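Chemist: For reference, the sequence and a predicted model appear below.
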Amino acid sequence: MAKRDYYEVLGVSKTAAADEIRKSHRKLVRQYHPDVNKNNKAAEEKFKEVQEAYDVLSDEHKRKGYDQFGHAGPGAGPGGVDPATYEAYRRAQQGRGRQQWGSGGVTVEDFDPADFAGGGNAGFGDIFEQLFGAGGRAGGGRSRGRAPQPPPMPGSDIEYPISLSFEDAARGIALPLQIRRGGQMESIEIKIPPGVKDGSRVRIKGKGDQGTNGQNGDLYIITGIHDHPYFRRDGLDVLVDVPISLYEALLGTKVEVPTLDGPVTLTIPPGTSSGAKMRIKSRGIERGKEKGDEYVVVKIIVPKDLDASDKEAIAKLQEKHPINARGEVKW
């Protein structure tokens, strides 16, 4: 089956800027990620297709080769040079013997880009300038016959989105991952530090695509955080609503409340109002040496379906203990 056009896969135009490609990739990876598409082969294939397209279009050199030669481009040497040609050059630079450049029996030791600067071989001069820059052309006192040295070429960075639970984001976690590097899947383990937010970028140095002379790109883990059924985050603090009855609010009570480190017993003093915040120290989000607190937000539940005698009793209570609830409010 023929491969789809990489620009079509990512849903961008051929003139799309790097930022547009990155945003489209992030959106599609979240859509087809295996974590949200369990046992879905079609989504898994889409995910791989998107990753493959991004591997090429996010790298300036690979993208240039793809634009020139289509799906044959990413496999070519830098700038779209034929793979055998570039490999011959690379091996000769490493001292592995005399290698042939193209046809005509021209060896690396005999080659000088200046010899091909014009005429029918102008293409070789252009290619070497693209590969190695203007400084790679012969001249300036360099002896003829020495092949140009390629500059270091760093590998491209890789972005990999993951989904985390609220607790794992708060406390940190080690995760095994399968990432695509250099066109192949590789298993690695990463450590997510405590305190990451939705959209945080965790950098894993040197785990991006491979470059020349050991200059690998970096791996960036993009974190997506699931909503929690009752915890909310405010900076490094955690908030949780705790309902209590009207009678508990009036008389006071003890309640068991959840925290990230297990339940604790909290004393609610008599006369507590709805919306009151009560702090549980050091039970919030960790980040480095910092650690937030947990705040319990009291929500008072009042009785319903009062009969006449109930209303009479409450009216007497109100008469005995009047409350001007909006007395200090300025609308």
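Modeler: Structure received.

Chemist: And the residue nearest the centre of the protein?
Modeler: Nearest to the mean C-alpha position of the chain, counting by Cα atoms, centre = their mean, stands I222 at 1.8 Å.

Chemist: and that one, what element?
Modeler: If you go by DSSP states H and E, I222 is part of strand 219-225.

Chemist: what do you get for Y160?
Modeler: strand 158-164.

Chemist: Could you pull up the mean pLDDT of that strand?
Modeler: Average pLDDT, strand 158-164: 91.

Chemist: swap in stretch 40-56?
Modeler: So the average pLDDT for stretch 40-56 ends up being 86.

Chemist: Alpha carbons only: can I get it in PDB?
Modeler: Output of stretch 40-56 as PDB, limited to C-alpha atoms (Å, rounded to 0.1, in the frame of the first residue of the first chain):
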ATOM      1  CA  ASN A  40      -7.700  -0.100  18.500                       C
ATOM      2  CA  LYS A  41      -5.500  -1.300  15.600                       C
ATOM      3  CA  ALA A  42      -6.700   1.400  13.200                       C
ATOM      4  CA  ALA A  43      -5.800   4.200  15.800                       C
ATOM      5  CA  GLU A  44      -2.500   2.500  16.400                       C
ATOM      6  CA  GLU A  45      -1.600   2.600  12.700                       C
ATOM      7  CA  LYS A  46      -2.700   6.200  12.500                       C
ATOM      8  CA  PHE A  47      -0.500   7.000  15.500                       C
ATOM      9  CA  LYS A  48       2.500   5.400  13.800                       C
ATOM     10  CA  GLU A  49       1.800   7.200  10.500                       C
ATOM     11  CA  VAL A  50       1.600  10.600  12.300                       C
ATOM     12  CA  GLN A  51       4.800   9.900  14.200                       C
ATOM     13  CA  GLU A  52       6.600   8.900  10.900                       C
ATOM     14  CA  ALA A  53       5.400  12.000   9.100                       C
ATOM     15  CA  TYR A  54       6.400  14.300  12.000                       C
ATOM     16  CA  ASP A  55       9.900  12.600  12.200                       C
ATOM     17  CA  VAL A  56      10.500  13.800   8.600                       C
END
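
Chemist: Now do it: distance to the chain's middle.
Modeler: 16 Å (Cα atoms, centre = their mean, to the nearest Å).

Chemist: go on, stretch 176-186?
Modeler: 15 Å.

Chemist: Stretch 23-36 now?
Modeler: Relative to its chain's centre, stretch 23-36 lies at 10 Å (Cα atoms, centre = their mean).

Chemist: For that stretch, give me every contacting residue.
Modeler: Here stretch 23-36 makes contact (Cβ atoms under 8 Å, 6 or more residues apart in numbering) with 10-12, 16, 43-44, 46-47, 50-51, 53-54, 58, 159-163, 222, 224. C-beta here means a position set from N, CA and C on the backbone, and glycine is covered the same way.
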